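J.: any chance you can model this:
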Amino acid sequence: MSTSDVLSTPGHLTSVAARGFARLSEARLKPLGFGVGTLPVLVALEEGRVKTQRDLARFARIEQPSMAQMLARMERDGLILRTPDPTDGRSSRVALTESARARLPEACAVLSQGNDEALAGFTETEAEVFISLLKRLIGNLDQLVKNDVGDR
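T.: Predicted coordinates:
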């Protein structure tokens, strides 16, 4: 592989696309008081999938210290409330505020519109295949990371 071919690899191209999506999403979410990094947490809490910091970190695929910082910012910004966990005094339960819950549908609509615009010119079948391939790629990467971390 030549040096210039590196810029056409799946790793580089998905990274460029991810940064583009992040910039677009941040610009559109900011007026609603959200950041792109908080969306997985907000959605998980809205859907009732998780309730603790540990579960949120696992769900969002980030480390506990990073999740703690994110939750502190979200609490400061009035997006979440934390209450002591009645079964474990060392942890707390996390819930959306009514304000965040009320704004979340608009945030999801804004993101959906951005995704639709980014996929302009794709047929419905192409978009479905693209999403399916990305999910497979993420699964492969998760397995590779798990194997590499397990080797250490």
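
J.: okay, now the spatially closest residue to residue 108 that is not a sequence neighbour: neighbour count?
T.: Leaving aside its chain neighbours, residue 108 sits nearest to residue 43 (7.8 Å; criterion: Cβ to Cβ, 6 or more residues apart in numbering). For glycine as for every other residue, the C-beta is placed from the backbone atoms N, C-alpha and C. Under the neighbour criterion other Cβ atoms under 10 Å, residue 43 is assigned a count of 16.

J.: could you point out the longest strand in this structure?
T.: strand 88-96 (DSSP state E).

J.: distance from the chain centre to the longest helix seen in the chain, please.
T.: Secondary structure of the chain read by DSSP state H shows that its longest helix is helix 124-150. On the basis of Cα atoms, centre = their mean, to the nearest Å, helix 124-150 is displaced by 15 Å from the centre of the chain it belongs to.

J.: what is that helix packed up against?
T.: Packing partners of helix 124-150 (3 or more Cβ pairs under 8 Å, 6 or more residues apart in numbering; DSSP states H and E): helix 10-29.

J.: the helix it packs on vs helix 124-150, what angle?
T.: Here helix 10-29 points in a direction 110 degrees away from that of helix 124-150 (axes from the mean of the first three to the mean of the last three Cα atoms, to 10 degrees).

J.: relative to the whole chain's centre, how far out is helix 10-29?
T.: 12 Å.

J.: how big is the angle separating the following helix or strand past the longest strand of the chain from strand 88-96?
T.: The helix or strand immediately downstream of strand 88-96 is helix 98-118, counting by DSSP states H and E. Interaxial angle of helix 98-118 relative to strand 88-96 (the same axes, to 10 degrees): 60 degrees.

J.: contacting residues around helix 98-118?
T.: For helix 98-118, contacts defined as Cβ atoms under 8 Å, 6 or more residues apart in numbering pick out 20-21, 24-25, 28-29, 32-34, 39, 42-43, 46, 78-80, 96.

J.: can you do 6 Å?
T.: Outside helix 98-118, the residues within contact range by Cβ atoms under 6 Å, 6 or more residues apart in numbering are 24, 25, 28, 29, 32, 34, 42, 46, 78, 79.

J.: since that was my last question, I'll sign off now.
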